[in-house]
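Visitor: sequence plus predicted model, see below.
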Amino acid sequence: MNLTFEGRCWECGDNIACDGDMIPVELVYARETRPEVLKETPFTKIDAEFPAKVKAGDLIVAGKRFGSGHAHLQASYALAAAGVGVVAASVPRGNYRNLVNAGVPFLPAASAAVNACESGDVLRFISGIVVNLTRGVTVQTEPLAPMLIETIKLGGWKPMVRRRLEKMREVASG
């Protein structure tokens with residue numbers, strides 16, 4: 001997976017909850033995890049047409065507490081299925097963990113980048129750098145730790161565990 005994204009900015013403000021805002025709560029209760037189902041659901045309670053509008057490579061730009069409330073993994077799986085990245089002013093630790101586990105590229109402490117763009121702007125996201133191509137503004141923030149980036153590049157926790165098991169088998173057979 002490439003951690004360079006270039007696409008449209010989708011600004012969503014502060015206090016976006018996993019349940020209800022990011023994904024319909026019914027899918028959480030149903031424990032839905034199929035990407036083909038979840039891809040059609042992000043932010044539909046806020047904008048019913050959002051899944052039809054968003055494209056892979058687009059960036060969700062959020063304010064404080066992106067993914068607040070109950071940190072259900074389905075919300076992050078829906079973002080991964082849609083192929084989007086996230087730039088946020090802050091991300092609660094449960095959703096932070098879920099974004100990594102789902103393989104969603106994100107910047108969790110990027111207030112300056114959030115303040116430098118609006119919905120519709122074209123952005124480029126490269127690890128700890130956000131370039132607003134519409135406004136000609138570049139903002140650098142602290143990137144995620146290399147181990148987390150590696151997990152995201154692999155597509156989340158499942159591929160990371162598979163890779164570790166393969167290495168363990170190689171060493172054991174060695």
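Guide: Good, I have the coordinates.

Visitor: give the contact list for residue 71.
Guide: Contacts for residue 71 were tallied using CB atoms under 8 Å, 6 or more residues apart in numbering; they are 18, 92, 94, 95, 97, 98. Every residue, glycine included, has its C-beta placed from N, CA and C.

Visitor: quickly check those for the two that are furthest apart.
Guide: Put simply, by CB to CB the two of the contacts of residue 71 set farthest apart are 18 and 97, 11.9 Å from each other.

Visitor: what pairs with the longest strand along the chain, and is each one parallel or antiparallel?
Guide: Ordering each strand of the chain by length in residues (DSSP state E) puts strand 4-13 first. According to DSSP bridges, strand 4-13 has the following sheet partners: strand 59-62 (parallel), strand 122-126 (antiparallel).

Visitor: and the contacts of it?
Guide: Outside strand 4-13, the residues touching it (CB under 8 Å, 6+ apart) are 21, 43, 46, 50, 54-63, 66, 84-85, 105, 117-126, 132-133.

Visitor: give me that answer again for 6 Å
Guide: 57-63, 85, 117-119, 121, 123-126 (CB atoms under 6 Å, 6 or more residues apart in numbering).

Visitor: buried sites along the helix or strand following it?
Guide: Remark: after strand 4-13, the chain's next helix or strand is helix 25-29, criterion DSSP states H and E. With burial defined by 16 or more other CB atoms under 10 Å, the residues of helix 25-29 counted as buried are 25, 27, 28.

Visitor: no more questions from me, cheers.
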